[in-house]
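**Q** I'll drop the sequence and a predicted model, then ask my questions.
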Amino acid sequence: MNKEEIYKKVENVIQQIRPYLQDDGGDIDLIELTDDLVVKVKLQGACGMCPYSLMTLKNGVEEAIKKEVPEIKEVVGV
């Protein structure tokens, strides 16, 4: 799978996650997929300021993305 296909799959997973974050007053933006397959995202709104944002990022977002796109090495917040 090439980088463009991986990006589209990651984008699709984020679209599936987005409503759950929006229910809590937050949102997420896909910023970049690096050449070494690290996904960079930005949590916004309530999710960007929440003390649990790192847990949301790692246990929620990263887990969901890696489940659907196992090629991904890590998801990081920017």
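**A** All right, it came through fine.
**Q** identify the residues contacting the least confident helix or strand in the chain by mean pLDDT?
**A** None of the helices or strands of the chain scores lower by mean pLDDT, DSSP states H and E than helix 46-49, at a mean of 74. Contact with helix 46-49 is made by Leu21, Asp24, Gly25, Gly26, Asp27, Ile28, Lys42, Ser53, Thr56, as judged by C-beta atoms under 8 Å, 6 or more residues apart in numbering. In this view, the C-beta of every residue, glycine as well, is placed from N, C-alpha and C.
**Q** using PyMOL, define a selection of the buried residues within those.
**A** Typed into PyMOL, the line below selects the buried ones among the contacts of helix 46-49, using 16 or more other C-beta atoms under 10 Å:
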select buried, resi 21+26+27+28+53+56
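**Q** what residues sit buried inside the least confident helix or strand of the chain?
**A** Cys47.
**Q** and stretch 51-64, by the same measure?
**A** Ser53, Thr56, Leu57, Gly60, Val61, Glu62, Ala64.
**Q** okay, how far is it across that stretch, tip to tip?
**A** 20 Å (C-alpha to C-alpha, to the nearest Å).
**Q** now stretch 70-78
**A** OK, stretch 70-78 end separation, C-alpha to C-alpha: 21 Å.
**Q** please work out the average pLDDT along that stretch.
**A** Averaged across stretch 70-78, the pLDDT comes to 95.
**Q** next, the buried residues of that stretch.
**A** Under the neighbour-count criterion of 16+ other C-beta under 10 Å, stretch 70-78 has Ile72, Val75, Gly77 buried.
**Q** got the contact list for that stretch?
**A** Identification of contacts with stretch 70-78 by C-beta under 8 Å, 6+ apart yields 1, 6, 10, 31-32, 36-43, 53-54, 57-58, 61-62, 65-66.
**Q** what do you get if the cut-off is 10 Å, keeping everything else the same?
**A** Residues from elsewhere that reach stretch 70-78, judged by C-beta atoms under 10 Å, 6 or more residues apart in numbering: 1, 3, 5-6, 9-10, 13-14, 28-34, 36-43, 47-48, 53-54, 56-58, 60-66.
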